[in-house]
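Visitor: Let's see this in three dimensions:
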Amino acid sequence: MNFIRRPESFDVVVGSNLFGDILSDISAILVGSMGLAPSANLDPLRRFPSMFEPVHGSAPDIAGKGLVNPLATILSAGMMLDHLELPEAARDVEQAVAKALAAGKARTADLGGSSSTREGHRRCARHAVGLVGYRSLSNDSSNCSNFSDSRRSSWWAR
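Guide: So this is what the prediction gives:
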């Protein structure tokens, strides 16, 4: 009950898979959307791999339609960076999402906007580039390996 009445009093919630899944869905709705909630399945002893994903999972009902809010996926990547002991990179990801949301142009339908999945992702990428610098991303072709140089340049320019 306190989880719903005072969610801000919880930093971490630990539970079985089923109970954790139910609570993570409830927490996602409490913050405004399933599309905003990242999640992690962690081995605190680090003996086995950990997994990071949006609370909404693959959202098969709307997959491929450009409707999925990409922010939970991006925030899940930030959680992974933190778990990998890259706290500055994790903070950059969180700040990029916060700035994209504050600008009001990365809002998909679940947040009352009309942006597509691609547009939301693109807006966050622009803010991330502003935080970490264009040079560090553009000089490493592995970061955009599926784009040719001309497509990569035009993608960042959008």
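
Visitor: make it CA atoms for all contacts and neighbour counts henceforth
Guide: Fine.

Visitor: Run through the residues that contact the residue nearest to Ile62 when sequence neighbours are not counted.
Guide: Computed as Cα to Cα, 6 or more residues apart in numbering, the closest residue to Ile62 that is not its neighbour in sequence is Val68, at 6.7 Å. Counting by Cα atoms under 8 Å, 6 or more residues apart in numbering, Val68 touches Gly35, Ala59, Ile62, Thr108, Ser116, Thr117.

Visitor: so the third one is in which element?
Guide: Meaning Ile62. Per DSSP states H and E, Ile62 falls between elements, in no helix or strand.

Visitor: I'd like to know how many residues surround it.
Guide: When neighbours are defined as other Cα atoms under 10 Å, Ile62 has 10 of them.

Visitor: Quick check on it: phi, psi?
Guide: Main-chain dihedrals, Ile62, degrees, to the nearest 10: phi -120, psi 10.

Visitor: ok, now how distant is it from Arg91?
Guide: Separation of Ile62 from Arg91 (Cα to Cα, to the nearest Å) stands at 29 Å.

Visitor: Phi and psi next, for Val12.
Guide: phi -140, psi 140.

Visitor: Against Met51, how distant is it?
Guide: 16 Å.

Visitor: higher neighbour count, these two?
Guide: Each of Val12 and Met51 has its neighbours counted (other Cα under 10 Å); Met51 has more, 13 against 5.

Visitor: Whichever of the contacts of Val68 end up buried, select them in ChimeraX.
Guide: Buried residues among the contacts of Val68 (16 or more other Cα atoms under 10 Å), as a ChimeraX selection:
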select :35,108,116,117
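
Visitor: Tell me the one of the contacts of Val68 nearest Pro87?
Guide: Gly35 (22.8 Å; Cα to Cα).

Visitor: Run through the residues that contact the closest one.
Guide: Counted by Cα under 8 Å, 6+ apart, Gly35 has contacts Ala28, Pro54, Val55, His56, Val68, Asn69, Pro70, Leu71, Ala72, Asp110.

Visitor: Tell me which of those residues fall in helices.
Guide: Applying DSSP state H to these, the entries found in helices are Ala28, Leu71, Ala72.

Visitor: Any chance of TSV for these, columns distance to Ser39?
Guide: As requested, those are exported to TSV (distance: Cα to Cα, whole Å):
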residue	distance to Ser39
Ala28	10
Leu71	12
Ala72	8
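
Visitor: Including pLDDT, could these go into CSV?
Guide: Converted to CSV, those look like this (pLDDT from 0 to 100):
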residue, pLDDT
Ala28, 85
Leu71, 89
Ala72, 89
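
Visitor: Nice, that's everything, thank you.
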